[in-house]
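# No sequence on hand, only this structure:
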DNA sequence: TACAGATCATATGTCTTTCAGATTATCTAT
DNA sequence: ATAGATAATCTGAAAGACATATGATCTGTA
């Protein structure tokens, strides 16, 4: 099997394989991630939210939910557990008192840093199925594709909020 | 600390981005696919099952369920709807009368052929965010990675059954 | 100012989906 | 022939997602 891919198989052999491959990889990734975030209240989603809060400073819960495709009603009680765990705080936005900005506590920042190492290890493990250069290539391609998908569907993520960090 | 491997950005900037990218692409894919399989009883999963039945001739429901990560109890009534729709039949395996081999009817084959065009179009659309060569490369890399993930976790898919087609 | 409509977070109830356990029939091995 | 394991099915309980309704607030308009 050579890896020159130009001519022979531009599309996977069977329609649907792309989805199967994506799902397979994502499933393996999530399984490892579940172990990696053990101890975090709220599980994987807590990690996602915490990471989002710290790395993209989104202005409202709604923006976070849209970014992660988490329903607002679900996000409410997910944040409850995170506030209880003292990872984040709900700060009323002075500019818009309906909205609450979610900010990480000092402990939240520390906790995220600790778990990011483990998640990074998970990614390394998953990508370990490919050689270094290919892994990097896949990451890059996937990132570009995700960006295009994200752009193609503004409904999934309100770009206003993300835009500032999107490039 | 140690994640600087070879190139400037082999790993996404933030741990978790890989998962976010995967989820984003998969979500976009599935959304399009849901429209594409409109009219198929049982939705996307029906397509998956039908495709699996026809392309990989697995010996039992259990093998199908493992391959697609569908719970056996769920598969039972999913197959019910497909049998009702005359897409597949449950054929008692003469070699093992506990097991039922799921075979597609002539109509099932025809229906799948029809929908495969639409799903292929979906994949083309999704991959349209990349240029041709890159799309092919991504497909190839993803396939290899999925294979490695699949092999790393024998629990998710009983390899006996799939092995013959897994090349 | 006053009002209407829209928006953010939350609370509540419904509804689908998932999952564990028990059941029946069958296979395998001793 | 008997015991234990396995394939499919059935049942009920638990979890999760989703739509809807509510209270507070913002925006625009007259």
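All right, it came through fine. Quick caveat, the model's predicted, so the values are computed rather than measured.

# What are the boundaries of the helices in chain A?
A:17-36, A:43-55, A:61-68, A:72-84, A:106-127, A:132-152, A:159-166 (DSSP state H).

# Can the first one be said to contact DNA strand C?
Right, helix A:17-36. No - using C-beta under 7 Å from any atom of the strand, helix A:17-36 stays clear of DNA strand C, coming no nearer than 11.2 Å. Using the backbone N, CA and C atoms, a C-beta is placed for each residue, glycine as well.

# near chain B at all, that helix?
Yes - Helix A:17-36 reaches chain B (C-beta under 8 Å from any C-beta of the partner chain) through A:17-31, A:33.

# which stretch among the helices of chain A comes nearest residue B:74?
Residue B:74 sits nearest to helix A:17-36 of all the helices of chain A, at 15.6 Å, using C-beta to C-beta.

# one step back: from the residues of helix A:17-36 next to chain B, keep the buried residues only.
Buried members of the residues of helix A:17-36 next to chain B, scored by 16 or more other C-beta atoms under 10 Å in any protein chain shown, are A:17-29, A:31, A:33.

# and the residue nearest to the spatial centre of chain A, what does it touch?
The residue lying closest to the centre of chain A (C-alpha atoms, centre = their mean) is residue A:48, at 5.4 Å. Shown in contact with residue A:48 (C-beta atoms under 8 Å, 6 or more residues apart in numbering or on different chains): A:68, A:70, B:16, B:20.

# Leaving out sequence neighbours, find the closest residue to the second one.
If I follow you right, that is residue A:70. residue A:45 (6.6 Å; C-beta to C-beta, 6 or more residues apart in numbering or on different chains).

# Equivalent analysis for the third one, please.
Nearest residue to residue B:16, sequence neighbours excluded (C-beta to C-beta, 6+ apart): residue A:51, at 5.0 Å.

# Confirm for me that the one you found is in contact with residue A:111.
No - if you go by C-beta atoms under 8 Å, residue A:51 and residue A:111 don't touch, sitting 10.9 Å apart.

# count of residues packed around residue A:125?
Using other C-beta atoms under 10 Å in any protein chain shown, residue A:125 is surrounded by 15 other residues.

# How many neighbouring residues does the residue lying closest to it once chain neighbours are set aside have?
Using C-beta to C-beta, 6+ apart and skipping the chain neighbours, the partner closest in space to residue A:125 is residue A:32 (6.2 Å). By other C-beta under 10 Å, the residues close to residue A:32 number 21.

# ok, now which ones touch residue A:32?
When contacts are counted by C-beta under 8 Å, 6+ apart, residue A:32 touches A:122, A:125-126.

# Can you tell me how far it is from residue B:31?
26 Å (C-beta to C-beta, to the nearest Å).

# What of residue A:48?
For residue A:48, the distance to residue B:31 - C-beta to C-beta - is 20 Å.

# What residues sit buried inside stretch A:67-80?
In stretch A:67-80, counting by 16+ other C-beta under 10 Å, buried: A:67-68, A:70, A:75, A:78-79.
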